[in-house]
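In: next comes the sequence, and after it the predicted model I'd like to discuss.
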Amino acid sequence: MLECAERDERTLNHKSKSKSRKTPRERDIKRTDARGTAIENDILLKIPDAEYNLVRPHLEFVEVESQQSLHEPGQRLEYGYFPNQGMVSVVIEISDGRTLEVGVVTRQGFAGESLTPGRTTSPYRMICQPPGDGFRVKADALNEILLSAPRLQSRLNRYVRFQLLRLSQIAACNRFHETEQRLARWLLMSQDRLGSEVLPFTHEFLASMLGTGRAIVSIAAAVLQKAGLIQYRRGTVKILDREKLEDAVCECYRVIKQFEAEIEPNVG
């Protein structure tokens with residue numbers, strides 16, 4: 001009986017210690033800004049406490065509407081953004097008004113990679129779709145903080161390198177692959193980021209992201225819908241068969257996913 005009691009006590013003590021022992025991720029997930037708003041951005045969650053304490057007083061919580069612009073090309077880049085929810089599309093626009101998405105930022109990343117000492121403008125537009133929220137930091141303050149925050153600087157630099165790899169792959173995709181394949185890639189990556197099978201995108205918006213005309217996107221969407229892969233209703237796209245949609249996509253989707261998988265383990 002005494003042995004059983006001692007064993008039970010050891011078991012209870014072990015369970016108690018197990019419950020109280022938290023991983024760095026579990027501790028970090030409780031971070032908040034100066035006003036108490038929860039932090040969900042991975043970069044802000046994974047930097048050391050000392051570096052986060054440098055950033056924290058400068059974080060400004062912002063809520064953004066669908067297709068709201070955070071930055072226009074050629075203007076002074078006044079803020080960097082750490083998303084909590086939603087997606088920020090980084091878009092390039094040419095002189096005739098056509099646009100192409102060259103980057104996507106979610107809570108895993110940072111929008112404003114053009115922020116470097118001595119650089120005050122960015123050639124890209126940054127727009128939100130769907131609505132979301134996150135934190136912004138004034139460019140001057142962030143550049144000052146980075147002088148004393150090597151882990152944050154390392155994470156931002158690696159994220160920039162991932163975006164450059166992604167941009168190169170998208171350039172190849174736009175040159176060599178059919179619109180249906182490119183649309184499938186964009187929808188799959190959007191589902192990965194939003195975690196929903198129903199995506200709030202119009203054909204017009206998809207056309208602006210893929211750098212093509214609305215009519216061409218409508219034809220491509222009709223092909224995927226006829227094959228039973230997606231269902232399109234006004235303003236939304238529903239993924240019906242993800243497995244078959246992955247079969248229909250070009251290799252660029254898997255290449256970009258591999259970039260993402262390789263970048264994170266190497267971030268210090």
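Out: On my side now, so go ahead.

In: what ranges do the strands span in the protein?
Out: Remark: strands assigned in the chain by DSSP state E are 60-64, 69-71, 79-85, 88-93, 99-105, 125-128, 132-138, 198-199, 230-233, 236-239.

In: list the helices and strands the first one packs on?
Out: So that's strand 60-64. Judged by 3 or more C-beta pairs under 8 Å, 6 or more residues apart in numbering; DSSP states H and E, the packing partners of strand 60-64 are strand 132-138. All C-beta atoms are positioned from the backbone trio N, CA, C, and that covers glycine.

In: quick one: strands adjacent to the strand it packs on?
Out: When pairs are called by DSSP bridges, strand 132-138 turns out to pair with strand 60-64 (antiparallel), strand 79-85 (antiparallel).

In: need the ones you listed in TSV with mean neighbour count, can you?
Out: Converted to TSV, these look like this (neighbours: other C-beta atoms under 10 Å):
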stretch	mean neighbour count
strand 60-64	17
strand 79-85	22
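
In: with mean pLDDT added, can I get those strands in a markdown table?
Out: As requested, those are exported to a markdown table (pLDDT from 0 to 100):
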| stretch | mean pLDDT |
| --- | --- |
| strand 60-64 | 96 |
| strand 79-85 | 94 |
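
In: among those, which is nearest E246?
Out: strand 79-85 (25.3 Å; C-beta to C-beta).

In: contacts only, for G132.
Out: By C-beta atoms under 8 Å, 6 or more residues apart in numbering, G132 lies in contact with 63-64, 83-88.

In: centroid-nearest residue for this protein?
Out: Centroid-nearest residue in the chain, with C-alpha atoms, centre = their mean: T106, separated by 1.9 Å.

In: run the chain-centre distance for stretch 193-207.
Out: Computed by C-alpha atoms, centre = their mean, to the nearest Å, the chain-centroid distance of stretch 193-207 equals 14 Å.

In: tell me the buried residues in it?
Out: Within stretch 193-207, the residues that qualify as buried by neighbour count (16 or more other C-beta atoms under 10 Å) are 193-194, 199, 201-203, 205-207.

In: appreciated, that's everything.
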